[in-house]
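Student: My questions concern the predicted model and sequence given below.
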Amino acid sequence: MGSVASERTVVGWAARDATGHLSPYTYTLRNTGPEDVVVKVLYCGICHTDIHQAKNHLGASKYPMVPGHEVVGEVVEVGPEVTKHRIGDVVGIGVIVGCCRECRPCKANVEQYCNKKIWSYNDVYTDGRPTQGGFASTMVVDQKFAVKIPAGLAPEQAAPLLCAGVTVYSPLKHFGLTSPGLRGGILGLGGVGHMGVKVAKAMGHHVTVISSSSKKRAEAMDHLGADAYLVSSDAAAMAAAADSLDYIIDTVPAHHPLEPYLALLKLDGKHVLMGVIGEPLSFVSPMVMLGRKAITGSFIGSMDETAELLQFCVDKGLTSQIEMVKMGYVNEALERLERNDVRYRFVVDVAGSNIEEEAAAATN
Ligand SMILES: NC(=O)C1=CN([C@@H]2O[C@H](COP(=O)(O)OP(=O)(O)OC[C@H]3O[C@@H](n4cnc5c(N)ncnc54)[C@H](OP(=O)(O)O)[C@@H]3O)[C@@H](O)[C@H]2O)C=CC1
Ligand SMILES: O=C/C=C/c1ccc(O)c(O)c1
Ligand SMILES: [Zn+2]
Ligand SMILES: [Zn+2]
């Protein structure tokens, strides 16, 4: 218990401009507030959103920016009113670190849809400071936005569950797509997509991966447990699969036509958009009318859903498939992620990268 009297100086790896190149950056954290926990970062996953943000794909990036929102760490200090966590707990921090607590989404415990939500980086906290993410030695976060990592989950494999995992779990629950026997499509087999296959399979669905190439076919079928694999450019295979899916989780992070995928949906099928795409997507209206299909979207998941997903993963024996790297490799990892060269999520071993020591040595 107790709080530090002075601001903590920490080191993160920050983008300085839209090249998205990260390099060491020293900054201070706010004093530990009554409901804050101080978290020593152990691991942080690399999500494609980190590229969108670091490279200013949405036009709203502010620099210096320390990305990273799939954070697993150890609680090293708690404010005097913290009841949810204790020193020594292993916790996760995701995309959101604040909300108004008064609006309809907040009262319904879907605080990710709060219009006053605070993003874990590239945002401004209530004290007027920029928020900074998990590619850093330490974070301070309100206890509400830290979730306990349950026993039975390796912390490094838990990291991708905090964004990629809950991002697929939340819409499947919300849209009533949890019944065994449903037929689902996962469009784009990356970080979010591979968790889509795993979570949907654990719910008892028949899962079809829809990919831009055949490169991931063997892994998808043999290791991830997919039931079918479609290459989107294979017109004959796509035609044969028409009218066969109850839903598609669309994780493609770039502009793409929707009509080839809408054609795969059955009556009342749902196309759930996940990718962050700053250009209009298009389709002709009969594609949705003649089949009462729905095009919708979903944004991460709530803190409650995150805790539920973590327990679901323990109960079902699910983990993410990761490639662990040190912080010094983060720029190569970002480049490889952008060129679709990772199976399926990079996780940075932050604590094992000695970033504070290395930054101090570089300035001496
Ligand atoms: N809605 C939300 O709450 C969230 C949204 N996101 C967003 O979801 C998207 C996916 O994130 P993530 O899984 O981390 O990204 P990844 O890069 O790990 O995966 C995306 C996959 O989409 C396919 N793909 C990539 N580029 C193209 C392209 N130009 N055309 C067609 N297919 C492509 C590839 O799969 P394949 O090789 O199989 O074709 C790739 O593996 C991003 O836009 C991210 O910002 C992420 C998390 C939460
Ligand atoms: O990776 C998680 C964040 C996803 C996201 C979704 C929508 C949006 O506009 C973003 O900036 C990020
Ligand atoms: Zn993410
Ligand atoms: Zn709110």
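Tutor: Thanks, I have it. Numbering: from 1, shown residues only. Ligands and ions are numbered 1, 2, ... in the order given.

Student: Might you report the residue contacts of residue 267?
Tutor: Counting by C-beta atoms under 8 Å, 6 or more residues apart in numbering, residue 267 makes contact with 291-293. All C-beta atoms are positioned from the backbone trio N, CA, C, and that covers glycine.

Student: and which of those residues is nearest residue 85?
Tutor: Lowest distance from residue 85 to the contacts of residue 267 (C-beta to C-beta) belongs to residue 293, with 43.1 Å.

Student: so who does that closest one touch?
Tutor: Counting by C-beta under 8 Å, 6+ apart, residue 293 has contacts 262, 265, 267-271, 287.

Student: Up against ligand 4, what does the stretch 51-200 of the chain have?
Tutor: Contacts of the stretch 51-200 of the chain with ligand 4, taken as C-beta under 5 Å from the ion, map to 99-100, 103, 106, 114.

Student: which bits of the protein sit near ligand 2?
Tutor: Counting by C-beta under 6 Å from any ligand atom, the chain comes close to ligand 2 at 47, 49, 58, 95, 163, 276, 299-300.

Student: what number of residues lie near whatever residue of the stretch 251-364 of the chain ends up closest to ligand 3?
Tutor: Proximity of the stretch 251-364 of the chain to ligand 3 (C-beta to the ion) peaks at residue 300, 7.1 Å away. Neighbourhood size, residue 300 [other C-beta atoms under 10 Å]: 22.

Student: pretty sure it is touching residue 110, no?
Tutor: No - assessed by C-beta atoms under 8 Å, residue 300 is found out of contact with residue 110, at 10.1 Å.

Student: Tell me where the stretch 101-250 of the chain has helices.
Tutor: For the stretch 101-250 of the chain, helices defined by DSSP state H, counting those that start in this stretch occupy the ranges 104-107, 155-158, 164-174, 191-202, 217-222, 235-240.

Student: thinking residue 349 is in contact with residue 329, fair?
Tutor: No - contact between residue 349 and residue 329 fails when scored by C-beta under 8 Å: they sit 9.6 Å apart.

Student: Find residues that contact each of these two.
Tutor: Counting by C-beta under 8 Å, 6+ apart, residue 349 and residue 329 have no contacts in common.

Student: does stretch 290-309 come close to ligand 4?
Tutor: No - counting by C-beta under 5 Å from the ion, ligand 4 is not contacted by stretch 290-309; separation bottoms out at 11.6 Å.

Student: Please export the alpha-carbon coordinates of that stretch; PDB is fine.
Tutor: Provided in PDB are the C-alpha atoms of stretch 290-309 (Å, rounded to 0.1, in the frame of the first residue of the first chain):
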ATOM      1  CA  LEU A 290     -31.500 -10.700 -50.600                       C
ATOM      2  CA  GLY A 291     -30.600 -12.800 -47.600                       C
ATOM      3  CA  ARG A 292     -31.300 -10.300 -44.800                       C
ATOM      4  CA  LYS A 293     -27.500 -10.200 -44.100                       C
ATOM      5  CA  ALA A 294     -26.000  -7.800 -41.700                       C
ATOM      6  CA  ILE A 295     -22.800  -5.800 -41.900                       C
ATOM      7  CA  THR A 296     -21.700  -4.700 -38.500                       C
ATOM      8  CA  GLY A 297     -18.600  -4.000 -36.500                       C
ATOM      9  CA  SER A 298     -17.300  -4.500 -33.000                       C
ATOM     10  CA  PHE A 299     -14.600  -2.900 -30.900                       C
ATOM     11  CA  ILE A 300     -12.400  -4.900 -28.500                       C
ATOM     12  CA  GLY A 301     -14.300  -6.100 -25.500                       C
ATOM     13  CA  SER A 302     -15.200  -4.800 -22.000                       C
ATOM     14  CA  MET A 303     -13.200  -5.400 -18.900                       C
ATOM     15  CA  ASP A 304     -15.800  -8.000 -17.800                       C
ATOM     16  CA  GLU A 305     -15.600  -9.700 -21.200                       C
ATOM     17  CA  THR A 306     -11.800  -9.700 -21.000                       C
ATOM     18  CA  ALA A 307     -11.900 -11.400 -17.600                       C
ATOM     19  CA  GLU A 308     -14.400 -13.900 -19.000                       C
ATOM     20  CA  LEU A 309     -12.300 -14.600 -22.100                       C
END
